[in-house]
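# Okay, here's the prediction I keep looking at, along with the sequence it came from:
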Amino acid sequence: MAATTLGPSTPFGIDFGGTGIKGAPVDLEVGDFAAERARIRTPKPSTPEVVAGVFRDLLAQFPGSDGPIGVTVPGIVRHGVVGSAANIDPAWVGTDADALFTEATGREVHVVNDADAAGLAEVRYGAARGRRGLVIVTTLGTGIGSALVHDGVLVPNSELGHLEIDGHVAEKRAANSAREREDLSMADWAERLTAYYHHLERLFSPDLFVVGGGISKRADEFLPLLGLDTEIVPATLRNKAGVVGAALYAAGSAGGA
């Protein structure tokens, strides 16, 4: 894509996944891209050092942007250190990604779990905008990602897809991948989702559930089948949520905030 001139304080979001690395500067006033998103295929191997090089190439497409950078990682992140790597190279485990990417790019970089980034974006700009109390954002995909956000404040690394229900890890039976693998009808899948969300209700008494992931485009086929006490709505930012949430996280973390 053509180079774009941007304001120096514009934060930049990078959504790092197993197949693609997407990035864009983000206008935090509106919660949308400030320039056309760029996408680069995730390299093989996707070790931290190799990915850092890809980030440099991606950022070079936006020469006018030198604000803080947020990066999503599909794993647990504690104080910038990656603690798990289910769908990325095992070399990520134990890597201080904040420090690595800050040195590699010459920019202030803050790394966040991918589901947490999506949760922040949905609460600030999307389906949960203006809602108070506890919002639980879940992404139904290969697994179940989750984000807990209370009055706009993120409680990181909730990993609620790993809860055990009836002797099974929840995401092994209730993720969208389980629906596809077992060729479940929406009604049969909805029974499993109801059991899962009931369990979350008992544990957390949330004010709102938000459901993301690609399957959320078909929310009208399964959400009405869930017999819950808590309001549940589909996510609205879709594939923008990771980039937008990463930039929002970086802006909030910049300068040690």
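That came in fine, so what should we check first?
# Report the contact partners of T139.
A115, A118, G145, S146, V211, G212, G213, A235 (CB atoms under 8 Å, 6 or more residues apart in numbering). In this view, the C-beta of every residue, glycine as well, is placed from N, C-alpha and C.
# nearest to S158, of these?
Closest approach to S158 among the contacts of T139 (CB to CB): S146, at 4.8 Å.
# What strands line up against whatever helix or strand that closest one lives in, and which way round?
S146 belongs to strand 144-150 when elements are defined using DSSP states H and E. With DSSP bridges as the test, strand 144-150 is paired with strand 134-140 (antiparallel), strand 153-155 (antiparallel).
# ok, residues contacting that strand?
113-116, 118-120, 123, 128, 133-139, 154-155, 158-161, 170-171, 174-175, 196, 204, 212-213.
# now that strand, how far from the centre of its chain.
Its chain's C-alpha centre and that of strand 144-150 lie 9 Å apart, by CA atoms, centre = their mean, to the nearest Å.
# And stretch 105-112, by the same measure?
Worked out by CA atoms, centre = their mean, stretch 105-112 lies 17 Å from the chain centre.
# Likewise for stretch 99-115?
With CA atoms, centre = their mean, you get 15 Å for stretch 99-115.
# Against V112, how distant is the nearest residue to L160 once chain neighbours are set aside?
Counting by CB to CB, 6 or more residues apart in numbering, L160 lies nearest to S146, which is 3.7 Å off, once chain neighbours are set aside. Distance, S146 to V112, by CB to CB, to the nearest Å: 14 Å.
# And T47, by the same measure?
Distance of T47 to V112, computed by CB to CB: 20 Å.
# Out of the strands paired with strand 144-150, flag the one nearest T10.
Proximity of the strands paired with strand 144-150 to T10 was assessed by CB to CB; the nearest stretch is strand 153-155, lying at 21.7 Å.
# Can you point out the buried residues in that closest one?
The neighbour-count check on strand 153-155 (16 or more other CB atoms under 10 Å) flags L154 as buried.
# immediately after it, which helix or strand?
Toward the C-terminus from strand 153-155 - assigned by DSSP H and E - lies strand 164-165.
# Please list the residues outside that following strand that contact it.
A170, R173, A174, A195, Y196, H199.
# Restricting to C-alpha, output stretch 183-195 in CSV.
Presented in CSV, the C-alpha positions along stretch 183-195 are these (Å, rounded to 0.1, in the frame of the first residue of the first chain):
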residue,chain,number,x,y,z
ASP,A,183,-21.0,-31.2,12.7
LEU,A,184,-23.4,-29.9,15.4
SER,A,185,-26.6,-28.2,14.6
MET,A,186,-26.9,-24.7,15.9
ALA,A,187,-29.5,-26.0,18.4
ASP,A,188,-27.1,-28.7,19.7
TRP,A,189,-24.2,-26.3,19.9
ALA,A,190,-26.5,-23.8,21.7
GLU,A,191,-27.0,-26.4,24.5
ARG,A,192,-23.3,-26.5,25.1
LEU,A,193,-22.9,-22.8,25.0
THR,A,194,-25.8,-22.4,27.5
ALA,A,195,-24.0,-24.7,29.9
